[in-house]
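Build the 3D model from these lines:
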Amino acid sequence: MATTIRKVKTTDLELKDRLVSIQRVTKVTKGGRTFSFSAIVVVGNENGIVGYGLGKANEVTTAISKGVEDAKKNLIKVPVLKGTIPHEQYAKFGGANVFLKPASSGTGVKAGGAMRAVLESVGVTDVLAKSKGSSNPHNLVKATFAALLELRDAYTVAQHRGVKLDKVFNG
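Numbering: from 1, shown residues only. Below is the predicted model of the structure:
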């Protein structure tokens, strides 16, 4: 199934950034070891718009700010209905497998680590999420984004099929 990427313009958005992971990386040279930092950052307006970015620099703060700038270039729109997602979704990226399931109001975000940061940035307040396989934050974030990109609300399904909205539910 072809994935449609829903890009968003960054003008006039109140985006909040969340640091998912920071790594100290080492480059061994003839003169010794050179340390630098790699940061993966998620930004979102907590109302259906989210993006992630990777920043690398010699200092932590610079790496984080580069990650935020990269994330603002990769924003997507996600359908959020009454604080949860419209339907179950499974996605995979590299060795990371994620499963997202809608939850009733009051459940909260039942997700761990990198997935939690992404889902809270989207604005989802009630969801059940499970990650299997690799716990690598980079792949978990990318797998979560793949799952969020596959989500479609009832209006989008009706538009895609060329039928009225009530026809989607009644068959």
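
The chain: helices as residue ranges?
Along the chain, the stretches classed as helices by DSSP state H are 60-72, 113-122, 137-150, 154-161, 165-170.

Among the ones you listed, show me which one is buried the most.
helix 113-122 (a mean of 24; mean count of other C-beta atoms under 10 Å). To be clear about C-beta, it is placed using only N, CA and C from the backbone, and glycine gets the same treatment.

what angle separates it from helix 137-150?
Helix 113-122 and helix 137-150 meet at an angle of 40 degrees, taking axes from the mean of the first three to the mean of the last three C-alpha atoms, to 10 degrees as the criterion.

can you tell me how far residue 51 sits from residue 73?
As defined by C-beta to C-beta, to the nearest Å, residue 51 lies at a distance of 7 Å from residue 73.

Comparing those two, which residue is more hemmed in?
A count of neighbours by other C-beta atoms under 10 Å puts residue 51 above the other of residue 51 and residue 73, at 25 against 10.

Distance from the chain centre to stretch 60-75, please.
For stretch 60-75, the separation from the chain centroid amounts to 14 Å (computed by C-alpha atoms, centre = their mean, to the nearest Å).

Let me see the residues that make contact with it.
Defining contact as C-beta atoms under 8 Å, 6 or more residues apart in numbering, one finds that stretch 60-75 is touched by 7-8, 10, 13, 15, 17, 19, 22, 36-43, 49-57.

need the strands for the chain, in chain order.
Under the criterion DSSP state E, strands of the chain are mapped to 16-29, 32-44, 49-57, 76-77, 89-93, 96-102, 109-110, 127-133.

Using CSV, write down the CA coordinates of the second one.
Presented in CSV, the C-alpha positions along strand 32-44 are these (Å, rounded to 0.1, in the frame of the first residue of the first chain):
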residue,chain,number,x,y,z
GLY,A,32,43.6,10.4,19.8
ARG,A,33,39.9,10.2,20.3
THR,A,34,37.5,13.0,19.2
PHE,A,35,34.2,13.1,21.0
SER,A,36,31.0,14.5,19.5
PHE,A,37,27.3,14.2,20.2
SER,A,38,24.3,12.9,18.3
ALA,A,39,20.7,13.9,19.4
ILE,A,40,17.3,12.7,18.2
VAL,A,41,14.6,15.2,18.8
VAL,A,42,10.8,15.1,18.4
VAL,A,43,8.8,18.4,17.9
GLY,A,44,5.0,18.7,17.9
